[in-house]
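Novice: Fold the following.
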Amino acid sequence: MKVIHIALHVTVALLLALAFDCYNTRSHHSSLQDMFSALSTRLLSLATVRTLSKHAPSTSFDHSKDIRHIQPSSSLSSSTTTSSSTMSDKLPVYFISHAGPNQAVDESVTADFFAELGKKWTSLSDPTPASILVISGHWEGDQGIIRVRTSEENKLYYDFYNFPDFMYKLQYPSKGSPKLANRVLQLLSEANIPAEAETKRGIDHGVWVPLLRILPKPEIPIVQMSLADMRDQPTEKTFEYHYKLGQALTKLREENVLIVASGTAVHNLRDLGTYMRSGTKVAPYVAPFDALLDKVALSESESERRVAAINEMAQSKYLRSAHPSLDHLLPFHVALGAAGEDKAKILHKNFFLSLSESAYSFGEK
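Specialist: Next up, the predicted model:
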C-alpha cells in the first residue's frame, strides 16, 4: 500500500505541475495531451524516477558528483553557522526556486527546506523583518514597465489550470503594505526605472505557494512586484536591466525589508515529458547550468559577479536549454543586484528531470 501511495502521490504532483505549466508557458512545444501521455507511460516507475536530494548550505558545491547520490542533511540549520542573525545594519536577500503549485500540499525535500527557511526567517533579529518584498517569475509588467501591488489585502491569484478543486480553495490571508509599495515606486523612479501601481491583480503562486510553506502564519506584510517584459530585447540587456532593478531595491534592506526573489534555477518544462519517456533522471544541461549559478553567486567581488551574471550567463551554451523563457531566471538577477558586495551561501539543491530548485542567500551570517 505504501508503494502505491507514493507512486500515486508523485503522479498527482507531477500531473498538477505540468497541467499548469503547459497552459501557462507562453512558448511551449509540447501539448498538454502529449505531456499527460508521457506521464502515464511512466506511472509504474515514478516512485523511483523521483530521486530527489538536497544540499546543505556551503560556499561551494561539487557538480561533478551525481546529486542523486548525495545524502540529504538532517536540516538546513544544522550545518550553517551557529547564529541565525544577520549583519547588524541590513537584512539578507534570498533567491528561492518556488517549484510548481503542488508544493502548497506536496511533501518533498523542497517543502522541507521551506520549513527550515521559515524557522530562520522568524529568528532574524537586528533588524527584524517588518515586511517582505517578493519578485516572482510569474509576473512581467507590460512593455517593460515594473508593476507594484499597492493593495492593503493580498487576494490570491490562482494562476494555474486543470487542478483539483481543493487547490482553488487554498488560502493565505496575508496583508499588503501600501507604505512599502509606495517606497518601492519611489526608489524605482529615482533609478529611472518605469513603474506603476497595481491594485487588481492578486499575488500569484510564485509568491503564496512557497510562503505558505515558509511562513504558514502570514503575520508579516507582503508586497509583490513584477519583472519587466523584455522578450524582444537582447539577453544581455534583459539581464543588465534586472540586475539594475535589484540595485535600485537594495536600500530597502536597511529599512527592515526582506527581499525574496522567487524563480527556478533551471526551468525547462518542455523537456519534462521527453526525459520521463527516456528514463533519464536529470537532463544533461541541468547540472552545468546550475553550476554556473553557483559560480556567479559565489563570485569574489560585486564587479566580478555582475560581469558573470550578465555576460557569461548570456553566452552560456546551456542557457536556452535550461531556460527556454527567461522569466524564472530573472529573479536571480534581481537578487544579485540587491545583494551588492554581500557574500552568497548555497542553501538548497534539488535536481529533477529538467528542473533545478537551487536556493541562495546573500548577506546572511
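
Novice: contacting residues for residue 191?
Specialist: 244-245, 247-248 (CB atoms under 8 Å, 6 or more residues apart in numbering). For the C-beta atoms, the positions are set from N, CA and C on the backbone; glycine is no exception.

Novice: Now do the contacts for residue 275.
Specialist: 281-283, 353-354 are the contacts of residue 275 under CB under 8 Å, 6+ apart.

Novice: what do you get for residue 356?
Specialist: Residue 356 neighbours (CB under 8 Å, 6+ apart): 97, 264-266, 286-287, 289-290, 322, 349-350.

Novice: among those residues, which are in helices?
Specialist: 286-287, 289-290, 322 (DSSP state H).

Novice: Could you identify the most distant pair in the residues you listed?
Specialist: Greatest spatial distance among those (CB to CB): 287 and 322, at 10.1 Å.

Novice: So which of those two has more stuff around it?
Specialist: Neighbour count, other CB atoms under 10 Å: between residue 287 and residue 322, residue 322 has more, with 27 against 21.

Novice: Could you measure from that one over to residue 342?
Specialist: Here residue 322 is placed at a distance of 25 Å from residue 342 (CB to CB, to the nearest Å).

Novice: One more: residue 235?
Specialist: 25 Å.

Novice: low-scoring stretches of the protein, by residue?
Specialist: Low-confidence segments of the chain, defined by pLDDT under 70: 1-88.

Novice: and residue 296, how many neighbours?
Specialist: Residue 296: 22 neighbours (other CB under 10 Å).

Novice: try residue 256
Specialist: Applying other CB under 10 Å, we find 15 other residues in the vicinity of residue 256.

Novice: Let me see the contact set for the closest residue to residue 364 other than its chain neighbours.
Specialist: The shortest distance from residue 364 to any non-neighbouring residue, by CB to CB, 6 or more residues apart in numbering, is to residue 92 (4.1 Å). Counting by CB under 8 Å, 6+ apart, residue 92 makes contact with 86, 253, 258, 342, 361-364.

Novice: how does it look with 10 Å?
Specialist: 86, 120-121, 124, 129, 253, 258-260, 338-339, 342, 344-345, 360-365 (CB atoms under 10 Å, 6 or more residues apart in numbering).

Novice: Dihedrals phi and psi, residue 260?
Specialist: phi -130, psi 120 (degrees, to the nearest 10).

Novice: Residue 346 too?
Specialist: In terms of degrees, to the nearest 10, the main-chain angles of residue 346 are phi -90, psi 120.

Novice: List the residues that contact the residue nearest to residue 158 when sequence neighbours are not counted.
Specialist: Closest residue to residue 158 apart from its sequence neighbours, by CB to CB, 6+ apart: residue 168 at 5.1 Å. Contacts for residue 168 (CB under 10 Å, 6+ apart) come out as 156, 158, 160-161.

Novice: ok but residue 168 is inside a helix, no?
Specialist: Yes: Residue 168: assigned to a helix according to DSSP: H, G, I helix; E, B strand; the rest coil.

Novice: start the count at 608, not 1, going forward
Specialist: Will do, 608 is the new start, and the previous item becomes residue 775.

Novice: For residue 876, see how far away it is.
Specialist: In terms of CB to CB, residue 775 sits 21 Å off from residue 876.

Novice: repeat for residue 951
Specialist: 27 Å.

Novice: Same check on residue 771?
Specialist: 20 Å.

Novice: With neighbour numbers in mind, choose between these two.
Specialist: Legend: neighbour count by other CB under 10 Å for residue 771 and residue 876, higher for residue 876 (25 against 11).

Novice: my guess is the more buried one is in a strand, correct?
Specialist: No: counting by three-state DSSP, residue 876 is not found in a strand; it is coil.

Novice: Was I right to think it contacts residue 929?
Specialist: No: checked against CB atoms under 10 Å, the pair residue 876 and residue 929 is beyond contact range at 11.6 Å.

Novice: for residue 784, what are its contacts?
Specialist: So residue 784 contacts 737-740, 756-759, 761, 790-791, 827-830, 864 (CB under 10 Å, 6+ apart).

Novice: Could you pick out which of these are located in strands?
Specialist: When the contacts of residue 784 are checked against strands (DSSP state E), the matches are 738-740, 756, 829-830, 864.

Novice: Now for those residues: which two are most distant?
Specialist: Across the ones in strands among the contacts of residue 784 (CB to CB), the longest gap, 14.4 Å, separates 756 and 864.

Novice: Buried residues, stretch 807-826. List them.
Specialist: 809-822, 825 (16 or more other CB atoms under 10 Å).

Novice: Need the phi and psi values for the closest residue to residue 760 other than its chain neighbours.
Specialist: For residue 760, the nearest residue in space outside its immediate sequence neighbours is residue 783; the separation is 6.1 Å by CB to CB, 6+ apart. Per-residue torsions, residue 783: phi -90, psi -170 (degrees, to the nearest 10).
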